[in-house]
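Engineer: Build me a model:
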Amino acid sequence: MEICTYIVSGALTHKDSMGTQETLGRGSVQFMTAGMGIRHSEHNLDKSNPLRFIQIWIHPTHRNLNPNYGGHIGIEDERKNKFAHLVTSVNNKAAVNVPIKINQDANMHVAEIDNGKHAELGVGGDRQAYVLCMEGKVVVEELDASGNPVGTPQTLVAHDGLRLIGQGSAARVRFPPHPP
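Structural biologist: The predicted model follows:
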């Protein structure tokens, strides 16, 4: 199993049977390849600061992988009003600057978008995307190849998700303006 964890708020401390111990905060991502077996624990050691994270379990491309762990400390400027590419496949040779590589054809992008701003994420014709609103409220607009909106924009609030099916187009994610 490939396990990817994105820290929304607070600090997550990981310990495992390989001797790894790491604490990661907001905007950071960790991954673990369970492979042929690993013992691990994850804790919030700061009882005065709540921890929120998103954890995704992904079937790897093949079995009997060696256990592995890694983390990337999130940098706010990497995801401010744009998508940061945090996770990709070990076989994605074009993504040399993506910090986390897993054994599956899957990607993770994250953005923190200011009110009135937007960010665009391309979803290829043979791809799918799952958009998850972790905080606040977002509007998701699908665009055609020329950048024109297609269909009705979808509004998501915290904890809502939306599946996008690529049609060679892009998906634009933006925060709606606050009412006066």
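
Engineer: how about the helices in the chain?
Structural biologist: For the chain, the helices defined by DSSP state H occupy 76-79.

Engineer: so where's it uncertain?
Structural biologist: 168-170, 174-180 (pLDDT under 70).

Engineer: Roughly how far does residue 107 sit from residue 63?
Structural biologist: Using C-beta to C-beta, to the nearest Å, we find residue 107 at a distance of 22 Å from residue 63. Any C-beta I mention is one placed from the backbone N, CA and C, and that applies to glycine too.

Engineer: most centrally placed residue in this structure?
Structural biologist: Compute the mean C-alpha point of the chain, and by C-alpha atoms, centre = their mean the closest residue is residue 108, 3.9 Å away.

Engineer: contacting residues around it?
Structural biologist: By C-beta atoms under 8 Å, 6 or more residues apart in numbering, the residues touching residue 108 are 4, 6, 29, 56, 85-87, 100.

Engineer: burial of the closest residue to residue 64 other than its chain neighbours, as a residue count?
Structural biologist: In this structure, residue 64 finds its nearest non-sequential neighbour in residue 36, 5.6 Å apart by C-beta to C-beta, 6 or more residues apart in numbering. If you count neighbours by other C-beta atoms under 10 Å, residue 36 ends up with 10.
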